[in-house]
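Participant: sharing a model prediction with you, sequence too.
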Amino acid sequence: MLSKPKAYSYVRFSTPEQARGDSRRRQYKKAIEYADKHGLELVKDSEYAFLDAGISAYRGNNITRITSSLGQFYEFVRSGKIAAGSYLLVESLDRLSRDQVTEALPRFLELLNAGIIVVTFGDGTVYKKSTDVMQLVMSIFHMARAHEESAVKGSRVSDAWQNKQALARSERRPLGGACPQWLSFDGEAYRVIPDRILIVRRVFELTVQGYGQRAIVKMFNEEGVPAFGTEKRNKSGLWGNSSVAKILTNRSVLGEYQPNIWIDGKRRASGDPIMDYYPPVVEEELFYAALEGRKARDVTKATKPSINFNVWSKIAVCAYCQSPMHLVNKGKPPKGSKYLRCSKSARGACTNKLIRLDRSEVVFKEMLAKLNMAALIKNDLQSLRGRISELDGRIEDMRTKLNECSELLMVHPSKTLAETIQRIETEMAEMQKSREQCMLDMSSEYVLDKSSFFERLDLISYEGRYLANRQVQRLEVMVRMKHDEIRVQYNVMIAGLPKFVYMCDHGKDIVFVPFSMDMLKTSIRQDDMQATGLVFNHVKMLEAAMASEDMAEFKDNLPENAIGMTFNFSNADNDRAKKSMREWLDRTINEGKKPRTRK
């Protein structure tokens, strides 16, 4: 007995209304009836259930999307999983495609050339590879008509939507129920949802405090904070990273509405945002502070929740290879401890050794004092820091707009765009001046009493540690760490220039070594000279430091005998120095051998 030819049903509909209606059942029922009537075996295995629900065929999304069922059907045909001579049952050709004929026809012919028999059971037409020319012409006609219908419908919908946007701009007329998830529409105006506003504000506040998206998601899910969205869209009812990200990047929280239009299949902004369109739920200062905080964390790398924020994050690098120093936990004391480790040494590509975290945290605290971080204990620190974060966020936002306008200007030169770019550049310059002034205000005091500074300094809480780390990063501080058989050393660089070093020879106390007159003066002001070592002619350096009138009140802080440092280098350091010297000599000799060009 001969086996029946296999048939596969393809069902597609594009709107939610069709999903709630009878479209799916109707199409599948007709396919079953056709198969029974013509002696076909309709394959009902779930792997071969080709359904594209809520997907338009106007631009070929039902084929090109990774998750599309029709695209999967094509792949099965190409791989031979669906054999030649099989049937594809569809209600009509417009279920397969509403794309332009030049796109739709080659795809259709690909199926026919592969031996697939396409049946449109709506009109009973059967398309085969041997289809006569007239039938092929009719298929092209159906494709063209389907595309034209979708184009007209899309144009009408687009016109209607643009009219709504125009009224929103001119009269502040509501668009309807389509609004941010923390608002509701009562038929006349948008109203805030009190419980959701508290959640939105908390997302921004936690971000400013240093919590990343994953940390916020974990916190909300553990606390049972209700997630936004309907059960249909979010069946789990849990928060996800994208949920938090959408809130943080949505300028609707400021009350703005940005009209958009579709150009070449891409959504683009249509004109400037409409201000004060929605009820604002977050202040601009908080919005931009959160924006700057996300940028500073680089989001993808620094969002792990931690009881104690790593104060050395994005500050500490290996002195040998410049790779980041990562925090590693080697177990609980007394046998184990936490360390900073060169990321390359973990893979055997660097000789730097582990550096104890507890000793490094002492150095970090001392470094804050030497950098005169009085701002960290100022009463007005919160407002100054918030203003700097706000300005950083605004500058970043303006930089993005500037790049977008510059790209558009290259493609579409216009006077308006050129004027917009000039305006943005002017505003950015003004913001940068304001930021610099805030930074001066934050660093306008010296740390004179280290004991008092340490008592008031918060390096216990997550927020305090995060904020101290951010303040150090703002000064462009980079600390190059190394650990060899002689000492642990912390070379502190500011904007790429060496400023001072903390050295701890094994078995000895930490010594502060200043490389500039300002750093030496800081040590004298803090009465810290007993733990300060001078590399150069220490007598003359001290005389020069005390020569200015502002240092007269600190003369009693000078020790009777200043420490003169004598460096002993490890064998590895000596080998590196010799290698660098040889390389320099080779370059110098080679340069001397090059023929000189005549002028």
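Facilitator: Perfect, I can see it now. Numbering: from 1, shown residues only.

Participant: what distance do you get for the closest residue in space to R576 that isn't next to it in sequence to N574?
Facilitator: Sequence neighbours aside, Y320 is the residue nearest to R576 in space, at 7.9 Å (criterion: Cβ to Cβ, 6 or more residues apart in numbering). Placement of C-beta: from N, CA and C, glycine included. Separation of Y320 from N574 (Cβ to Cβ, to the nearest Å) stands at 14 Å.

Participant: who has more neighbours out of the two?
Facilitator: Y320 (19 against 11; other Cβ atoms under 10 Å).

Participant: name the next helix or strand downstream of the lowest-mean-pLDDT helix or strand in the chain, please.
Facilitator: Lowest by mean pLDDT, DSSP states H and E among the helices and strands of the chain is helix 16-20, with a mean of 48. Next along the chain after helix 16-20, taking DSSP states H and E as the criterion, comes helix 23-37.

Participant: packing partners of that next one?
Facilitator: strand 6-13, strand 41-42, strand 87-90 (3 or more Cβ pairs under 8 Å, 6 or more residues apart in numbering; DSSP states H and E).

Participant: those: which one's closest to D272?
Facilitator: strand 6-13 (37.2 Å; Cβ to Cβ).

Participant: and the contacts of that closest one?
Facilitator: 19, 23-24, 27-28, 31-32, 34-35, 40-43, 48-55, 57, 62, 69-70, 73, 82-83, 86-91, 95-96, 119 (Cβ atoms under 8 Å, 6 or more residues apart in numbering).

Participant: between it and helix 23-37, how many degrees?
Facilitator: Angle, strand 6-13 to helix 23-37, by axes from the mean of the first three to the mean of the last three Cα atoms, to 10 degrees: 160 degrees.

Participant: can you select the buried ones from the contacts of strand 6-13 in PyMOL?
Facilitator: Buried members of those can be picked out in PyMOL with the line below, counting by 16 or more other Cβ atoms under 10 Å:
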select buried, resi 23+27+28+31+34+35+40+42+43+48+50+52+55+57+62+69+70+73+82+86+87+88+89+90+91+95+96+119
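
Participant: can you give me the domain assignment for this structure?
Facilitator: Following automatic domain parsing, one finds the domains of the chain at 6-151, 174-297.

Participant: as TSV, those with distance to E419 would be great.
Facilitator: Formatted as TSV, these follow (distance: least, Cβ to Cβ, whole Å):
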stretch	distance to E419
domain 6-151	36
domain 174-297	14
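
Participant: lowest mean pLDDT across those domains, which one is that?
Facilitator: Looking over the domains of the chain, mean pLDDT reaches its minimum on domain 6-151, with a mean of 75.

Participant: that older thread, so which of the helices and strands packed on helix 23-37 is nearest R474?
Facilitator: Closest to R474 of those, according to Cβ to Cβ: strand 6-13, at 54.4 Å.

Participant: so what strands line up beside the closest one?
Facilitator: strand 41-42 (parallel), strand 50-53 (parallel), strand 87-90 (parallel) (DSSP bridges).

Participant: residues in contact with the shortest one?
Facilitator: Looking back up the chat, that one is strand 41-42. S3, K4, P5, K6, A7, Y8, S9, A31, I32, A35, L89.

Participant: 6 Å instead?
Facilitator: With Cβ atoms under 6 Å, 6 or more residues apart in numbering as the test, strand 41-42 has contacts from K4, K6, A7, A35.

Participant: what sits opposite the second one in the beta ladder?
Facilitator: Which is K6. E41.

Participant: hang on, the earlier thing: include distance to P333 when you put the helices and strands packed on helix 23-37 into a markdown table, please.
Facilitator: Output for the helices and strands packed on helix 23-37, formatted as a markdown table (distance: least, Cβ to Cβ, whole Å):
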| stretch | distance to P333 |
| --- | --- |
| strand 6-13 | 64 |
| strand 41-42 | 69 |
| strand 87-90 | 69 |
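
Participant: and these: which comes nearest L402?
Facilitator: Closest among the helices and strands packed on helix 23-37, once you apply Cβ to Cβ, is strand 6-13, at 43.2 Å.

Participant: low pLDDT regions in the stretch 451-599 of the chain?
Facilitator: The stretch 451-599 of the chain contains residues with pLDDT under 70 at 536-537, 561-570, 577, 592-599.
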